[in-house]
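Colleague: With the sequence up front, the predicted model follows.
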Amino acid sequence: MKQDLHNVFSVLDSRVCFTSNMWTSLQNLGYMVITAHYVDADFKLKKKIISLKEVKYHHTGYALEEAIVSSLTEWGLMEKMLTLTLDNASNNTKACKLIVHHHKHELLCEGAHLHVRCSAHILNILVQDGMELIHAAIDKIRELLKSIESSPSRIQNFNSIATNKGLKAKRGIYLDIPNRWNSTFKMVREALDYKSVLSTYAEQYLEVAPNEEEWSKAEAICVFLKAFEEATNLVSDDRKPTSHKFLPLVLSIRYALNDPAWQNSEVLVDLAAAMKVKFAKYWEPKPVPNESSLRRRKEYDFNIVIVIATILDPRRKFDYVELFYEKVCNSFDQVDKCTKPAQDWLKKYFNEYERLARSDSSAFVSSSSGSTCTVGSPVLGKRVLEEEFADFKSRRRVVRRPKSEIDTYLEEDPAEDSKRFDVLGWWKARADQFPVLSKMARDFLAIPLSTVSSESALSCGNRILGDTRGSLTPQMLEALVSAKDWLTIVQDKDKDKDDEGTHCFFYLQFSPNSYLKSA
């Protein structure tokens with residue numbers, strides 16, 4: 001299977017975007033996972049784990065760079081890399097800078113926009129700051145649920161109270177992962193559904209439960225955070241393109257934080273204020289008075305490839321970029337300073353893709369053309385005369401330069417928006433009309449907004465490498481996790497429904513024991 005995937009990558013005519021994450025196993029070994037995201041020739045988005053390897057020393061930027069470059073070189077993908085999506089840790093930033101410094105000659109536009117920052121991670125930071133306002137209530141809910149979940153008899157007592165109050169009995173208690181805000185949100189939301197049960201249980205069994213004021217704060221905040229749960233789910237999707245949805249996402253979050261209709265209580269005003277601080281740090285454009293200031297704050301600017309992905313959404317094009325910056329900037333001068341780089345880099349990338357397309361075309365022509373014409377042959381003479389006539393015409397009249405693909409694309413009316421709109425399908429249908437832009441769309445729309453796909457692989461590794469399988473070697477763990485990913489079957493689920501891109505996933509579950517027996 002690994003060789004088959006090697007063969008796929010060797011003939012792949014698009015660029016590949018990567019996500020990566022680190023994990024320390026129960027053996028106290030450091031693992032790095034790398035996941036490849038790309039759009040194939042049929043304009044289908046693909047996701048494949050290509051590496052889950054042990055990193056043997058401190059996880060510095062140098063160590064991460066070495067591990068990433070080693071894996072991509074093994075797969076022959078260094079020259080096909082477009083972006084690398086990582087979280088905001090300083091060692092990840094350092095690793096990306098080192099990759100660009102040492103391998104810029106292999107990267108598109110010298111890796112100017114290699115590092116894409118994980119939007120799910122930024123959303124988590126944003127909301128965690130806001131949820132600090134109800135940390136006392138969250139701590140009480142978590143400890144109470146832990147107490148209930150600690151024994152079957154306590155769960156039975158909890159369910160007896162729930163049944164008496166007309167609520168459904170629970171088979172298990174949901175506990176959160178404290179550093180994942182959406183799991184905490186789910187825990188609090190479920191606790192609110194069983195608020196009366198939890199209060200009665202705490203009273204009967206002398207446990208501590210949130211008071212009425214804490215319950216009411218938690219309820220208000222949960223209603224507000226529902227929109228952010230949807231945003232987290234959007235950026236975490238790795239089965240359909242997400243990069244072109246980034247600017248609308250940021251705009252909707254900004255609107256929610258500034259909308260007075262949401263802030264109808266003191267706690268929500270405080271919540272919005274706390275979240276605005278982090279939002280401004282990561283996602284709010286700021287005035288750029290000079291070049292040195294731009295360099296100092298470069299790490300918090302939007303990655304321009306994400307802006308280009310929005311332009312390559314035929315429903316939005318450059319109009320949405322202008323609207324976005326008009327909404328978030330403080331002056332028209334600032335709008336110009338933000339939109340101008342987007343225009344310039346769109347043209348730079350287009351020119352680079354056009355150059356690569358010409359070189360590929362000329363290489364094909366030179367390899368396929370034979371020496372069938374000899375000197376003095378009628379065919380050769382006709383060709384020379386045609387070239388002279390073309391030169392003669394160019395001297396006699398002014399030739400109007402045809403519009404570029406970019407101009408033609410941007411001047412066309414935007415595509416009609418709908419829930420079922422397939423952005424990759426749109427570009428596939430127009431690949432002949434826009435041969436260069438369609439290749440760009442394949443690459444830029446494959447950029448993942450989050451590292452969730454790599455985190456999922458590590459979660460799978462954590463389940464496989466449990467207490468009873470602690471002696472599994474890194475090579476066996478990589479084989480099990482990678483094969484599980486490669487054997488995933490993705491099927492459309494009821495194409496007639498309005499849920500665009502809904503999928504069901506069938507996984508072949510691996511047992512190391514059965515694997516070893518079959519081997």
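Modeller: Yep, it's here. Quick caveat: nothing in here was measured; it's all calculated off a predicted structure.

Colleague: Count the residues that sit near V436.
Modeller: 20 (other CB atoms under 10 Å). All C-beta spots, glycine's among them, are computed from the backbone N, C-alpha and C.

Colleague: and if you look at Y201?
Modeller: Y201: 21 neighbours (other CB under 10 Å).

Colleague: can you check L445 too?
Modeller: Residues lying near L445 (other CB under 10 Å) number 23.

Colleague: Ramachandran coordinates for it?
Modeller: Phi and psi for L445, reported as degrees, to the nearest 10, are phi -80, psi -10.

Colleague: quick one: D237 and S71, what's the gap?
Modeller: According to CB to CB, to the nearest Å, D237 stands 24 Å off from S71.

Colleague: likewise E416?
Modeller: Applying CB to CB, the value for E416 to S71 is 42 Å.

Colleague: Which one of the two is surrounded by more residues?
Modeller: S71 (21 against 8).

Colleague: wait, is that one part of a helix?
Modeller: Yes. Looking at S71 with DSSP: H, G, I helix; E, B strand; the rest coil, it is inside a helix.

Colleague: Who are the contact partners of it?
Modeller: S71 makes contacts with 32, 34, 50-51, 53, as judged by CB atoms under 8 Å, 6 or more residues apart in numbering.

Colleague: how about stretch 256-264: buried residues?
Modeller: Of the residues in stretch 256-264, 256-257, 262-263 count as buried by neighbour count, 16 or more other CB atoms under 10 Å.

Colleague: Same list (those) but as a markdown table, adding secondary structure and distance to I464.
Modeller: Below are the buried residues of stretch 256-264 laid out as a markdown table (DSSP: H, G, I helix; E, B strand; the rest coil; distance: CB to CB, whole Å):
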| residue | secondary structure | distance to I464 |
| --- | --- | --- |
| A256 | helix | 39 |
| L257 | helix | 40 |
| W262 | coil | 43 |
| Q263 | coil | 46 |
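
Colleague: measure stretch 442-449 end to end?
Modeller: End-to-end distance of stretch 442-449 (CA to CA, to the nearest Å): 15 Å.

Colleague: before we move on, back to that, of all the buried residues of stretch 256-264, which comes closest to A89?
Modeller: Distance to A89 across those (CB to CB) is lowest for L257, with 25.2 Å.

Colleague: The contacts of S71: which two are farthest apart?
Modeller: M32 and I50 (11.2 Å).

Colleague: got any ranges where this protein has weak pLDDT?
Modeller: By pLDDT under 70, the weakly predicted segments of the chain are 285-301, 361-402, 489-519.

Colleague: tell me the domain ranges of it?
Modeller: The chain is divided into the following domains under automatic domain parsing: 2-118+451-518, 285-361+389-448.

Colleague: Those domains: which one's closest to A231?
Modeller: Among the domains of the chain, the nearest to A231 by CB to CB is domain 2-118+451-518 (12.9 Å).

Colleague: quick one: the closest one to chain centroid distance?
Modeller: 13 Å (CA atoms, centre = their mean, to the nearest Å).

Colleague: longest helix in the protein, by residue count?
Modeller: For the chain, the longest helix by residue count, based on DSSP state H, is helix 332-368.

Colleague: who touches P210 in this structure?
Modeller: 136-137, 140-141, 218.

Colleague: Can you lay out those residues as a markdown table showing neighbour count, secondary structure and distance to L445?
Modeller: Rendered in a markdown table, the data for those read as follows (neighbours: other CB atoms under 10 Å; DSSP: H, G, I helix; E, B strand; the rest coil; distance: CB to CB, whole Å):
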| residue | neighbour count | secondary structure | distance to L445 |
| --- | --- | --- | --- |
| A136 | 15 | helix | 44 |
| A137 | 23 | helix | 41 |
| K140 | 22 | helix | 45 |
| I141 | 26 | helix | 40 |
| A218 | 24 | helix | 39 |
